[in-house]
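Engineer: no sequence on hand, only this structure:
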(Lines give C-alpha, C1' and ligand atoms only; values in the text may rest on other atoms or scores of the structure.)
Protein backbone atom coordinates (compact mmCIF):
# COMPACT_ATOMS: atom_id res chain seq x y z
CA UNK A 1 0.00 0.00 0.00
CA UNK A 2 1.45 3.35 -0.98
CA UNK A 3 0.59 6.76 0.39
CA UNK A 4 0.97 9.82 -1.83
CA UNK A 5 2.77 13.01 -0.80
CA UNK A 6 5.70 11.47 1.06
CA UNK A 7 9.23 10.76 -0.13
CA UNK A 8 9.92 7.07 -0.37
CA UNK A 9 12.43 5.38 1.93
CA UNK A 10 14.59 4.23 -0.97
CA UNK A 11 15.39 7.80 -1.98
CA UNK A 12 13.82 7.63 -5.43
CA UNK A 13 11.80 10.73 -4.68
CA UNK A 14 8.83 9.42 -6.64
CA UNK A 15 6.45 10.63 -3.93
CA UNK A 16 5.47 7.19 -2.61
CA UNK A 17 5.98 5.77 0.86
CA UNK A 18 6.00 2.01 1.10
CA UNK A 19 3.97 0.73 4.04
CA UNK A 20 4.93 -2.73 5.38
CA UNK A 21 1.38 -4.08 5.32
CA UNK A 22 2.29 -7.78 4.98
CA UNK A 23 4.55 -7.68 8.05
CA UNK A 24 2.12 -5.58 10.08
CA UNK A 25 -0.71 -7.98 9.23
CA UNK A 26 1.43 -11.01 10.18
CA UNK A 27 2.35 -9.34 13.46
CA UNK A 28 -1.30 -8.51 14.13
CA UNK A 29 -2.39 -12.12 13.55
CA UNK A 30 0.40 -13.41 15.79
CA UNK A 31 -0.50 -10.91 18.51
CA UNK A 32 -4.18 -11.88 18.41
CA UNK A 33 -3.39 -15.61 18.53
CA UNK A 34 -1.16 -15.13 21.58
CA UNK A 35 -3.59 -12.83 23.36
CA UNK A 36 -6.43 -15.29 22.75
CA UNK A 37 -4.33 -18.10 24.24
CA UNK A 38 -3.57 -15.94 27.30
CA UNK A 39 -0.25 -17.76 27.78
CA UNK A 40 1.95 -14.84 28.87
CA UNK A 41 1.44 -11.23 29.86
CA UNK A 42 1.59 -9.11 26.68
CA UNK A 43 4.31 -6.97 28.26
CA UNK A 44 6.73 -9.87 28.80
CA UNK A 45 9.77 -10.72 26.71
CA UNK A 46 8.38 -14.23 26.33
CA UNK A 47 5.24 -12.81 24.70
CA UNK A 48 7.38 -10.75 22.33
CA UNK A 49 9.43 -13.83 21.46
CA UNK A 50 6.23 -15.77 20.73
CA UNK A 51 4.75 -12.94 18.69
CA UNK A 52 7.90 -12.43 16.63
CA UNK A 53 8.40 -16.16 16.01
CA UNK A 54 4.78 -16.58 14.99
CA UNK A 55 4.79 -13.39 12.86
CA UNK A 56 7.91 -14.63 11.04
CA UNK A 57 6.21 -17.96 10.41
CA UNK A 58 3.10 -16.25 9.08
CA UNK A 59 5.02 -13.73 6.97
CA UNK A 60 7.49 -16.21 5.48
CA UNK A 61 4.86 -18.88 4.76
CA UNK A 62 3.06 -16.42 2.47
CA UNK A 63 4.73 -17.46 -0.79
CA UNK A 64 2.01 -16.03 -3.03
CA UNK A 65 1.87 -12.50 -1.62
CA UNK A 66 -1.70 -13.08 -0.47
CA UNK A 67 -1.24 -12.47 3.26
CA UNK A 68 -3.52 -9.46 3.71
CA UNK A 69 -6.32 -11.30 1.92
CA UNK A 70 -6.09 -14.69 3.63
CA UNK A 71 -8.49 -16.13 6.10
CA UNK A 72 -6.59 -17.03 9.25
CA UNK A 73 -8.46 -20.28 9.80
CA UNK A 74 -7.40 -21.57 6.37
CA UNK A 75 -3.71 -21.23 7.31
CA UNK A 76 -3.71 -22.59 10.87
CA UNK A 77 -2.69 -26.13 9.84
CA UNK A 78 0.23 -24.78 7.79
CA UNK A 79 1.44 -22.67 10.70
CA UNK A 80 1.00 -25.57 13.11
CA UNK A 81 3.13 -27.84 10.95
CA UNK A 82 5.85 -25.19 10.53
CA UNK A 83 6.07 -24.51 14.28
CA UNK A 84 5.91 -28.15 15.40
CA UNK A 85 8.62 -29.37 17.77
CA UNK A 86 10.16 -31.84 15.33
CA UNK A 87 10.48 -29.34 12.46
CA UNK A 88 13.73 -27.49 11.56
CA UNK A 89 12.10 -24.08 11.97
CA UNK A 90 15.35 -22.14 12.35
CA UNK A 91 16.74 -23.56 9.09
CA UNK A 92 13.43 -22.91 7.33
CA UNK A 93 13.46 -19.25 8.46
CA UNK A 94 17.02 -18.78 7.20
CA UNK A 95 16.18 -20.32 3.81
CA UNK A 96 12.98 -18.31 3.39
CA UNK A 97 14.68 -15.07 4.50
CA UNK A 98 17.37 -15.67 1.85
CA UNK A 99 14.69 -16.29 -0.80
CA UNK A 100 12.67 -13.22 0.18
CA UNK A 101 15.83 -11.08 0.27
CA UNK A 102 16.83 -12.29 -3.21
CA UNK A 103 13.34 -11.52 -4.54
CA UNK A 104 13.48 -8.02 -3.03
CA UNK A 105 16.92 -7.42 -4.54
CA UNK A 106 15.62 -8.40 -7.98
CA UNK A 107 12.65 -6.04 -7.71
CA UNK A 108 14.88 -3.18 -6.50
CA UNK A 109 11.96 -1.57 -4.76
CA UNK A 110 11.72 -0.65 -1.11
CA UNK A 111 11.33 -3.68 1.13
CA UNK A 112 9.97 -2.36 4.44
CA UNK A 113 8.31 -5.72 5.21
CA UNK A 114 11.63 -7.48 4.84
CA UNK A 115 13.38 -4.89 7.01
CA UNK A 116 10.92 -5.49 9.86
CA UNK A 117 11.05 -9.27 9.44
CA UNK A 118 14.87 -9.14 9.46
CA UNK A 119 14.86 -7.04 12.62
CA UNK A 120 12.51 -9.51 14.32
CA UNK A 121 14.69 -12.46 13.26
CA UNK A 122 17.84 -10.69 14.50
CA UNK A 123 16.17 -10.05 17.87
CA UNK A 124 15.02 -13.67 18.14
CA UNK A 125 18.50 -14.98 17.34
CA UNK A 126 20.56 -12.54 19.41
CA UNK A 127 18.39 -12.20 22.51
CA UNK A 128 18.59 -14.83 25.20
CA UNK A 129 15.94 -15.34 27.86
CA UNK A 130 16.28 -17.23 31.12
CA UNK A 131 14.19 -20.40 31.02
CA UNK A 132 13.90 -23.65 32.95
CA UNK A 133 16.57 -26.15 31.89
CA UNK A 134 14.33 -29.06 30.98
CA UNK A 135 17.32 -31.24 30.06
CA UNK A 136 18.75 -30.91 33.58
CA UNK A 137 15.68 -32.38 35.27
CA UNK A 138 15.29 -35.85 33.75
CA UNK A 139 12.26 -37.54 35.24
CA UNK A 140 11.88 -34.77 37.79
CA UNK A 141 9.35 -32.02 37.96
CA UNK A 142 9.70 -28.35 38.63
CA UNK A 143 7.08 -27.11 41.07
CA UNK A 144 7.44 -23.36 40.72
CA UNK A 145 8.64 -20.78 38.22
CA UNK A 146 11.87 -20.10 40.10
CA UNK A 147 12.55 -23.69 41.19
CA UNK A 148 15.12 -25.84 39.47
CA UNK A 149 17.99 -25.05 37.17
CA UNK A 150 17.65 -22.41 34.50
CA UNK A 151 19.58 -21.75 31.32
CA UNK A 152 19.90 -18.82 28.92
CA UNK A 153 17.99 -19.74 25.77
CA UNK A 154 17.72 -17.96 22.39
CA UNK A 155 14.41 -16.09 22.30
CA UNK A 156 13.17 -18.03 19.28
CA UNK A 157 13.48 -21.32 21.20
CA UNK A 158 11.02 -19.99 23.79
CA UNK A 159 8.81 -18.10 21.37
CA UNK A 160 8.27 -20.91 18.89
CA UNK A 161 6.54 -23.33 21.31
CA UNK A 162 4.45 -20.43 22.66
CA UNK A 163 3.33 -19.61 19.15
CA UNK A 164 2.58 -23.25 18.41
CA UNK A 165 0.52 -23.61 21.58
CA UNK A 166 -1.33 -20.36 20.85
CA UNK A 167 -2.38 -21.76 17.47
CA UNK A 168 -3.66 -24.94 19.17
CA UNK A 169 -5.63 -22.89 21.69
CA UNK A 170 -7.22 -20.78 18.97
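Structural biologist: Ah, there it is. The structure displayed is predicted, hence computed values, not measured ones.
Engineer: contacts for the helix ranked longest in the chain, please.
Structural biologist: In the chain, taking DSSP state H as the definition, the longest helix is helix 89-107. The contact list for helix 89-107 (C-beta atoms under 8 Å, 6 or more residues apart in numbering) reads 53, 56-57, 60-61, 82-83, 111, 114, 117-118, 121, 156, 160. Every C-beta, even on glycine, is put in place using the N, C-alpha and C of the backbone.
Engineer: chain center to it, what's the gap?
Structural biologist: Mean-position distance between helix 89-107 and its chain equals 14 Å (C-alpha atoms, centre = their mean, to the nearest Å).
Engineer: and the helix or strand just after that helix, which residues are buried?
Structural biologist: Next in sequence after helix 89-107, counting helices and strands by DSSP states H and E, comes helix 112-126. Going by neighbour count (16 or more other C-beta atoms under 10 Å), the buried part of helix 112-126 is 112, 113, 114, 116, 117, 118, 120, 121, 123, 124.
Engineer: next, the angle helix 112-126 makes with the helix or strand harbouring residue 25.
Structural biologist: Element membership of residue 25 [criterion: DSSP H and E] is helix 21-37. For helix 21-37 against helix 112-126, the angle by axes from the mean of the first three to the mean of the last three C-alpha atoms, to 10 degrees is 50 degrees.
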